[in-house]
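>>> model the following, please.
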Amino acid sequence: MFSEEIHRAFVLTAIILFRDIAPELFTVEEHLCLVEFIEKKTRETWQESHSKLWGRKEKQLNAWNHRIIAFSGLAIATISLLNYLPEAQEWLNVAMSRVEDFFIDGITE
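Predicted structure coming up:
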């Protein structure tokens with residue numbers, strides 16, 4: 001079974017992708033319900049990034065799959081919330097810096 005941060009990142013990404021690929025399938029109310037759900041789960045991910053090992057800004061963790069998956073999911077989710085959540089840009093900046101850390105330090109052969 002996946003760790004919560006990985007599971008949440010996959011679920012968020014799938015829901016956002018589905019919503020964005022086929023927006024005509026959702027009523028306005030359903031869309032707003034999805035935005036609410038995405039915001040709740042994104043907020044949980046953001047909060048956990050401050051208390052869980054995967055969220056620490058430590059170079060030796062940059063290659064860890066938990067980090068890249070969780071922060072990539074956070075980046076995707078915050079992009080989808082830019083028009084809904086005032087702190088989304090700040091969260092996106094942090095998530096992108098951690099994704100960049102993975103590509104700078106974390107990719108190994």
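>>> contacts and neighbour counts: CA atoms only from here.
Noted.
>>> who are the neighbours in contact with the closest residue to residue 91 other than its chain neighbours?
Distances taken as CA to CA, 6 or more residues apart in numbering put residue 78 closest to residue 91, at 6.7 Å, once the chain neighbours are dropped. By CA atoms under 8 Å, 6 or more residues apart in numbering, the contact set of residue 78 is 42, 88-89, 91-92.
>>> generate a PyMOL selection restricted to the buried subset of those residues.
Buried members of the contacts of residue 78, defined by 16 or more other CA atoms under 10 Å, are picked up in PyMOL with:
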select buried, resi 42+88+89+91+92
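>>> ok, which pair from the contacts of residue 78 is furthest apart?
Pairwise distances across the contacts of residue 78 peak at 12.6 Å for 42 and 89 (criterion: CA to CA).
>>> just for this protein, where's the confidence low?
1-2, 109 (pLDDT under 70).
>>> which helix in it has the most residues?
Longest helix in the chain, counting residues (DSSP state H): helix 28-48.
>>> other SSEs contacting that one?
Packing partners of helix 28-48 (3 or more CA pairs under 8 Å, 6 or more residues apart in numbering; DSSP states H and E): helix 4-21, helix 65-80.
>>> run the last query once more with 6 Å
Contacting helix 28-48 under the criterion 3 or more CA pairs under 6 Å, 6 or more residues apart in numbering; DSSP states H and E is no other helix or strand.
>>> give me the most central residue, this protein.
residue 74 (1.4 Å; CA atoms, centre = their mean).
>>> how far away is that one from residue 25?
Distance, residue 74 to residue 25, by CA to CA, to the nearest Å: 24 Å.
>>> go on, residue 18?
Distance from residue 18 to residue 25, by CA to CA: 10 Å.
>>> now swap in residue 95 and tell me
Applying CA to CA to residue 95 and residue 25 gives a distance of 30 Å.
>>> burial count for residue 67?
Residues near residue 67, counting by other CA atoms under 10 Å, number 26.
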